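In: based on what follows, work out the 3D shape:
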Amino acid sequence: MEALPRETIVDVLESRLREDILTGRHPAGSYLPPERRLADGYGVTRTTLKHAFGRLVQAGLLETRHGVGTRVRDYLRLGGADLLPMLVRHSPDWIGEIFEVRRSIGALIAERAAARASDGQRAELRGLLTAVGEAEGGDAVQLADIEVHRALAHATGNRVYVLLTNTLFNAYLPVRAALRGPFTDASAAHERLRPVVDAVTAGDEAGARRAAEEYLTVTERIMLEGLA
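Out: Predicted coordinates for the structure are as follows:
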């Protein structure tokens, strides 16, 4: 058992400010009220407020200019995919949009991997697939499955696909425990993924795309049922 993390007043304030920004209470492009007034409104010290601001600046939701003030950034226009984990925590509705990207990118990665994988990468994929079937427990199976997809991305020879794969997996983190449905049975998880690896290692580009589309569609359905 792991001890549950204790929330500090900065954690609570950061969460409140993030919620107020994402729900539009503080609209994109607007300046926040002066620090003293905002701190009084939230019932915190200005030091606590500054710490929370720092986190939200780092997250890409705020920008601070000395002598001007703190403004809410338009994250949909200026933000990047690194915001996804935070947005998923704010609203699970983002998961559906992430899954749409997962289907299209995942199928393309499988097709490219089938065309470009080296003999060593094909052998690695077969070994990682075996590890999925031998993993014990839903968490371990899920993590083993992730490594297969990372290896597929590496096999494309395109580092952007690797980073996109990492981004999508990172976006799942806030709700990962609810997405274990496809991985509770190691044997079933292995069999669902096997056609993808078989097609990639055979160099069958069209077959790899079809197998990946099938795999991603089926696992998406199971994971969405878990979220529901």
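In: contact partners of the lowest-mean-pLDDT helix or strand in the chain?
Out: Least confident helix or strand of the chain, by mean pLDDT, DSSP states H and E, is helix 84-90 with a mean of 81. The set of residues external to helix 84-90 that reach it, using CB atoms under 8 Å, 6 or more residues apart in numbering, is 18-19, 22, 59, 94-95, 98, 167, 170-175. For glycine as for every other residue, the C-beta is placed from the backbone atoms N, C-alpha and C.
In: what's the average pLDDT for the helix or strand following that helix?
Out: For helix 84-90, the succeeding helix or strand toward the C-terminus, using DSSP states H and E, is helix 94-116. For helix 94-116, the mean per-residue pLDDT is 94.
In: could I get helix 94-116 in CSV with only the CA atoms?
Out: This file holds the C-alpha atoms of helix 94-116, laid out as CSV (Å, rounded to 0.1, in the frame of the first residue of the first chain):
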residue,chain,number,x,y,z
TRP,A,94,-11.3,14.8,-23.7
ILE,A,95,-10.8,11.1,-23.7
GLY,A,96,-13.1,10.6,-26.6
GLU,A,97,-11.1,13.1,-28.7
ILE,A,98,-7.8,11.4,-27.6
PHE,A,99,-9.2,8.0,-28.7
GLU,A,100,-10.0,9.4,-32.1
VAL,A,101,-6.4,10.5,-32.6
ARG,A,102,-5.2,7.2,-31.1
ARG,A,103,-7.1,5.3,-33.8
SER,A,104,-5.8,7.3,-36.7
ILE,A,105,-2.2,7.7,-35.5
GLY,A,106,-2.0,4.1,-34.2
ALA,A,107,-3.0,2.6,-37.6
LEU,A,108,-0.5,4.8,-39.4
ILE,A,109,2.3,3.8,-37.1
ALA,A,110,1.6,0.1,-37.6
GLU,A,111,1.6,0.6,-41.4
ARG,A,112,4.9,2.5,-41.3
ALA,A,113,6.4,0.0,-38.8
ALA,A,114,5.6,-2.9,-41.2
ALA,A,115,7.4,-1.0,-44.0
ARG,A,116,10.4,0.1,-42.1
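In: list the contacts of the residue most central in space within the chain.
Out: In the chain, the centroid-proximal residue (CA atoms, centre = their mean) is A171; its distance is 1.4 Å. With contact set as CB under 8 Å, 6+ apart, A171 has these partners: A81, L84, P85, V88, W94, I98.
In: alright, calling it a day.
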